[in-house]
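[1] Only the shape, not the letters, is given here:
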């Protein structure tokens with residue numbers, strides 16, 4: 001197996017590009033927290049809307 005730049009090539013055995021690997025790692029790290037942030041934003045908005053519906057509906061039911 002050939003070694004390129006002192007580092008073993010990926011599992012495919014193809015050429016190793018450290019810049020592409022660096023960019024791929026950066027995109028992967030960025031996406032990992034952005035996706036989690038979007039999921040939490042959705043969850044917070046959903047629970048706030050559910051709570052708002054329950055608090056506005058409760059007095060109407062109690063008064064009937």
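    Nice, thanks for sending it over. As the structure is a computational prediction, the values presented were derived from the model and not from experiment. Numbers count the residues shown, from 1 in each chain.

[2] From residue 26, how far off is residue 50?
    Counting by CB to CB, to the nearest Å, the gap from residue 50 to residue 26 is 37 Å. C-beta here means a position set from N, CA and C on the backbone, and glycine is covered the same way.

[3] same question but for residue 48, I mixed them up
    In terms of CB to CB, residue 48 sits 33 Å off from residue 26.

[4] ok, now residue 12?
    From residue 12 over to residue 26 (counting by CB to CB), the distance is 21 Å.

[5] Those two - which one has more neighbours?
    Remark: of residue 12 and residue 26, residue 26 carries more neighbours, 10 against 7, as counted by other CB atoms under 10 Å.

[6] Residue 12: which element?
    For residue 12, there is no enclosing helix or strand under DSSP states H and E.

[7] Show me the helices in the protein, by range?
    18-63 (DSSP state H).

[8] where does it have low pLDDT?
    Within the chain, the stretches with pLDDT under 70 are 1-11, 51, 53-64.

[9] repeat that with 50
    In the predicted model of the chain, residues 1 satisfy pLDDT under 50.

[10] Check the spacing between residue 41 and residue 29 real quick.
    For residue 41 relative to residue 29 (CB to CB), the value is 19 Å.

[11] Sorry, slip of the keys, the one I care about is residue 50.
    33 Å.

[12] do residue 20 as well
    15 Å.

[13] Kindly report the same for residue 13.
    26 Å.

[14] Name the residues of stretch 15-31 that are buried.
    residue 16 (16 or more other CB atoms under 10 Å).

[15] What count of nearby residues applies to residue 42?
    Counted with other CB under 10 Å, residue 42 comes out at 10.
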